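Trainee: For reference, the sequence and a predicted model appear below.
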Amino acid sequence: MTNAPTLSRPHGKTSTTKPTAGRTTRAGRSPWEEPPTPVGQAAKGLTLGVVVAIVLVPLWIIVLTSLSTAGAINRAGGLVIWPDGLTTQAYREMLGDPTVRTALLVSLGITAVGTAVSMAVSVLCAYGLSRPRSFGHRWLLVLLIITMFVSGGLIPTFLVVSGLGGYGQWWALILPSAVSVFNILVLRSFYAETSSELVDAARVDGAGDWRILWSIVLPTSRAVTAVIALFYGVGYWNSFFNVMLYMPTESEKWPLQYVLLTYVNRGVGLPGSINAGFGTTQAQTAPLSLQMAVVVLTLVPLLIVYPFVQKHFRTGVLTGAIKG
């Protein structure tokens with residue numbers, strides 16, 4: 001037997017792999033693996049700067065206008081862009097009104113209870129539909145999808161809720177909008193991808209569906225669960241239409257959004273808030289300043305909750321990414 005001939009390389013040189021197609025890159029790497037060029041870096045930085053400005057500049061104007069005096073707003077001709085005569089009078093007047101404080105507690109309660117009810121129903125429904133051997137899961141899935149495109153209408157819904165005694169009741173603000181079929185489908189797709197080996201191993205150890213859901217499915221789907229909970233929470237926090245249908249005259253049960261809607265959109269002043277408890281010599285708050293304070297008050301809870309959910313958004317994106 002003879003040894004196969006070997007090809008000698010020039011000293012100090014190494015071979016590189018040339019891609020069979022596409023642009024030739026150093027050491028055979030793909031174009032997206034190359035370090036960015038200065039022009040590319042500048043373009044990315046400029047794009048991100050524009051996006052950040054689009055988000056932050058309106059927030060800056062809203063907050064600044066809510067903290068401005070009537071004279072500063074008059075001098076600016078409307079929305080204030082640069083600080084000039086800052087004051088917290090608009091917030092004191094708004095939060096000094098007992099109606100606003102009660103509405104804030106009502107909104108927090110409806111959001112907490114409604115989110116818990118919606119997540120319980122959605123998680124259980126999605127888990128049942130994700131099990132291939134569950135009874136009638138295909139037909140139930142088809143029926144749920146049909147409701148996304150065909151609904152009974154507003155008047156039949158009102159008649160059903162009223163006929164069940166929901167007019168003027170707390171549950172009328174939660175149950176009619178407690179379930180979102182789209183959210184159920186999203187949860188179902190994640191639950192269906194749960195490792196079958198883990199589920200089979202749990203069943204061999206004697207675990208039932210409740211234990212599998214609580215100990216295996218939910219811990220491996222924290223990202224999507226947190227995101228769906230945020231969707232439900234934002235929906236309940238911003239909801240006011242059900243109040244217009246089922247509680248139009250009971251102001252003590254109005255959530256914050258509906259109380260503030262009466263001031264911002266309908267031009268109705270908050271009862272007892274203008275110059276209440278601050279003396280007769282104090283200047284009246286500008287209506288625009290109060291309106292911007294209303295917007296800030298509705299945004300604060302979401303801004304507080306969002307940073308805690310942000311990591312789950314990132315985890316959800318990485319989970320669905322293609323890894324090499």
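Mentor: Ah, there it is.
Trainee: now the spatially closest residue to S68 that is not a sequence neighbour, what's its secondary structure?
Mentor: Leaving aside its sequence neighbours, S68 sits nearest to V80 (Cβ to Cβ, 6 or more residues apart in numbering; 4.5 Å). To be clear about C-beta, it is placed using only N, CA and C from the backbone, and glycine gets the same treatment. Three-state call for V80 (DSSP: H, G, I helix; E, B strand; the rest coil): coil.
Trainee: Could you do G165 as well?
Mentor: Per three-state DSSP, G165 ends up coil.
Trainee: The residue nearest to M247 when sequence neighbours are not counted - how many residues pack around it?
Mentor: Leaving aside its chain neighbours, M247 sits nearest to K253 (5.1 Å; criterion: Cβ to Cβ, 6+ apart). By other Cβ atoms under 10 Å, the residues close to K253 number 19.
Trainee: same question, the one 5 residues further on
Mentor: The criterion is other Cβ under 10 Å. On that basis, Y258 has 22 neighbouring residues.
Trainee: which ones are touching it?
Mentor: Residues in contact with Y258 (Cβ atoms under 8 Å, 6 or more residues apart in numbering) are 103, 240, 243-244.
Trainee: With L218 instead?
Mentor: By Cβ under 8 Å, 6+ apart, the contact set of L218 is 123, 225.
Trainee: Pop out the phi and psi values for it.
Mentor: Reported as degrees, to the nearest 10, the phi and psi values for L218 are phi -70, psi -40.
Trainee: Mind pulling up the pLDDT for it?
Mentor: L218 is assigned 84 on the pLDDT scale.
Trainee: and the gap between it and E193?
Mentor: 14 Å (Cβ to Cβ, to the nearest Å).
Trainee: what do you get for G109?
Mentor: For G109, the distance to E193 equals 35 Å [Cβ to Cβ].
Trainee: same question, L154
Mentor: Using Cβ to Cβ, L154 is found at 37 Å from E193.
Trainee: Compare these two and say which is more crowded by neighbours.
Mentor: Comparing L154 with E193 by other Cβ under 10 Å, the one with more neighbours is E193, at 13 against 10.
Trainee: quick one: the residue nearest to M247 and Q89, what's the gap?
Mentor: Between K253 and Q89 the distance is 29 Å, computed by Cβ to Cβ.
Trainee: swap in I184?
Mentor: 46 Å.
Trainee: that older thread, next, show the common contact partners of L218 and E193.
Mentor: With Cβ under 8 Å, 6+ apart as the test, L218 and E193 reach no residue in common.
Trainee: Torsion angles phi and psi at L198?
Mentor: Dihedral pair for L198: phi -60, psi -40, per degrees, to the nearest 10.
Trainee: Kindly report the same for L86.
Mentor: Backbone geometry at L86, expressed as degrees, to the nearest 10, gives phi -80, psi 150.
Trainee: what sits opposite it in the beta ladder?
Mentor: Beta-bridge partners of L86, counted by DSSP bridges, are S68.
Trainee: Next, the buried residues of the host helix or strand of M94.
Mentor: Assessed by DSSP states H and E, M94 sits inside helix 89-95. Buried residues in helix 89-95, defined by neighbour count with 16 or more other Cβ atoms under 10 Å: 89-94.
Trainee: helices or strands next to that helix in the packing?
Mentor: Packing contacts for helix 89-95, counted by 3 or more Cβ pairs under 8 Å, 6 or more residues apart in numbering; DSSP states H and E, involve helix 287-319.
Trainee: Could you list the buried residues of the helix it packs on?
Mentor: Quick answer for helix 287-319 (16+ other Cβ under 10 Å): 287-298, 301, 305, 312, 316.
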